[in-house]
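Just the structure for this:
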Amino acid sequence: MKFILSSIIIGAAAAFAPATNQAFLQRSAALSQSNDSESALYAKYKKVFVAGGSKGVGRSVVDKLIAEGSEVVALLRSDEAVAELGAIDGVTAIQGDAFDYKTVEGAIDGCDAAVTTLGGSVDDTDKRVDYVGNNNVIEAAGILGCTRVVLVTSVGCGNSKAAAPPAVFEVLKDVLAAKTRAENVLIKYYTNMNWTIIRPGGLISEPQTGKAILTADNMGIGSIHREDVADLAVKALSAPNTERKVFTAMDPTLESAANSEGNSFEAFELA
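This is a model prediction of the structure:
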């Protein structure tokens with residue numbers, strides 16, 4: 001999907017990023033050393049639908065799913081994205097709009113899991129996909145029996161409102177409200193689903209550190225690289241103990257102005 005965030009939202013999101021949080025350095029190193037043994041616990045889904053796979057977190061999700069041996073069905077708006085992802089072995093690239101329910105339903109049909117990272121505005125309009133697109137994915141998955149869904153939203157949604165810096169929340173409040181609506185639909189109405197919600201903090205476009213964590217603490221806050229969000233989303237997808245849970249995604253080794261006091265948050269152990 002080719003979605004463009006407005007400059008004001010990008011500026012506000014940057015407030016999440018860079019004061020020092022050293023508290024988890026030692027713990028993160030220990031978690032990194034156990035990554036190889038933990039990876040053996042992750043079962044692979046045969047065919048996974050990905051919404052938002054043209055760039056950012058979603059694009060990294062596609063790469064990581066393919067690396068794990070899953071087939072991927074990606075719904076994409078642009079010709080360029082369809083050509084790029086369609087050239088990857090194991091990816092079925094479908095051109096369409098997440099705003100159109102029937103298109104989403106047709107793309108998800110036959111998949112046994114779904115990951116959606118949809119967010120942002122379409123082109124230069126104010127038309128946002130944060131609720132409508134994610135809701136279409138959730139509804140189609142529920143109707144078709146695709147019961148494993150991972151929804152990537154943001155710190156500041158739902159019961160994590162107080163975790164977001166007030167100034168950032170004020171600027172992003174409409175976006176966060178839309179994402180919260182999508183979360184609530186998944187939690188309240190699709191009781192047949194084994195869903196997982198992941199809320200990253202300040203997103204940074206840098207290579208994966210491998211030190212990021214999920215925490216069940218709804219006051220968790222910190223920065224994280226987009227590739228690390230994707231890595232956690234794919235791992236959570238096949239970790240049974242993440243089902244029907246909401247997490248914050250953060251990297252305790254990164255500086256974060258939103259966590260200037262260096263508060264530490266307990267890492268959730270995937271199993």
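
How about the contacts made by Cys111?
Neighbour list for Cys111: Lys47, Val48, Phe49, Val73, Leu144, Cys146 [criterion: Cβ atoms under 8 Å, 6 or more residues apart in numbering]. Quick note: C-beta positions are derived from backbone N, CA and C, even for glycine.

wait, the fifth one sits on Ile108?
This means Leu144. Yes. The criterion here is Cβ atoms under 8 Å, and Leu144 meets it with Ile108 at 5.7 Å.

need the contacts of Cys111 in JSON lines with distance to Gly220 and secondary structure, can you?
Shown next, in JSON lines, are those (distance: Cβ to Cβ, whole Å; DSSP: H, G, I helix; E, B strand; the rest coil):
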{"residue": "Lys47", "distance to Gly220": "32", "secondary structure": "strand"}
{"residue": "Val48", "distance to Gly220": "26", "secondary structure": "strand"}
{"residue": "Phe49", "distance to Gly220": "28", "secondary structure": "strand"}
{"residue": "Val73", "distance to Gly220": "31", "secondary structure": "strand"}
{"residue": "Leu144", "distance to Gly220": "33", "secondary structure": "helix"}
{"residue": "Cys146", "distance to Gly220": "29", "secondary structure": "coil"}
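
out of Leu144 and Ile108, which sits in the more crowded spot?
Ile108 (29 against 17; other Cβ atoms under 10 Å).

That one reaches Gly142, doesn't it?
No. Between Ile108 and Gly142 there is no contact, the gap being 9.9 Å when judged by Cβ under 8 Å.

What is the neighbour count of the residue found closest to Lys127 once you drop the neighbours it is linked to in the chain?
Distances taken as Cβ to Cβ, 6 or more residues apart in numbering put Ser121 closest to Lys127, at 6.3 Å, once the chain neighbours are dropped. Residues near Ser121, counting by other Cβ under 10 Å, number 17.

bridging residues for Ser121?
Ser121 forms beta bridges with Ile4, Arg128, as assigned by DSSP bridges.

and it, what pLDDT?
Per-residue pLDDT puts Ser121 at 75.

Ok, Val91 next?
Listed pLDDT for Val91 reads 98.

Next, the contact list for it, please.
Counting by Cβ under 8 Å, 6+ apart, the residues that Val91 touches are Val62, Ile66, Glu71, Val72, Val73, Ala74, Leu85.

Other residues contacting the helix or strand the second one falls within?
To tie it back to what came earlier, the one meant is Ile66. Under the criterion of DSSP states H and E, Ile66 resides in helix 56-68. Contacts to helix 56-68, defined as Cβ under 8 Å, 6+ apart, come from residues 1, 42, 44, 48, 50-53, 72, 74, 85, 88-91, 115, 117-118, 152, 200, 203, 205, 226-227, 229-231, 233-234.

What remains of those residues if I keep only buried residues?
Listed as buried from these are 1, 42, 48, 50-53, 72, 74, 85, 91, 115, 117-118, 152, 200, 203, 226-227, 229-231, 233-234; burial here means 16 or more other Cβ atoms under 10 Å.

Just the ones of these in helices?
Leu85, Arg226, Glu227, Val229, Ala230, Asp231, Ala233, Val234 (DSSP state H).

Between those, which sits nearest Lys245?
Ala233 (13.2 Å; Cβ to Cβ).

Tell me the spacing between that closest one and Thr215.
15 Å (Cβ to Cβ, to the nearest Å).

likewise Ala163?
For Ala163, the distance to Thr215 - Cβ to Cβ - is 11 Å.

Common neighbours of the two, please.
Thr248.

Where does pLDDT dip in the stretch 1-150 of the chain?
For the stretch 1-150 of the chain, the stretches flagged by pLDDT under 70 are 1-43, 122-125.
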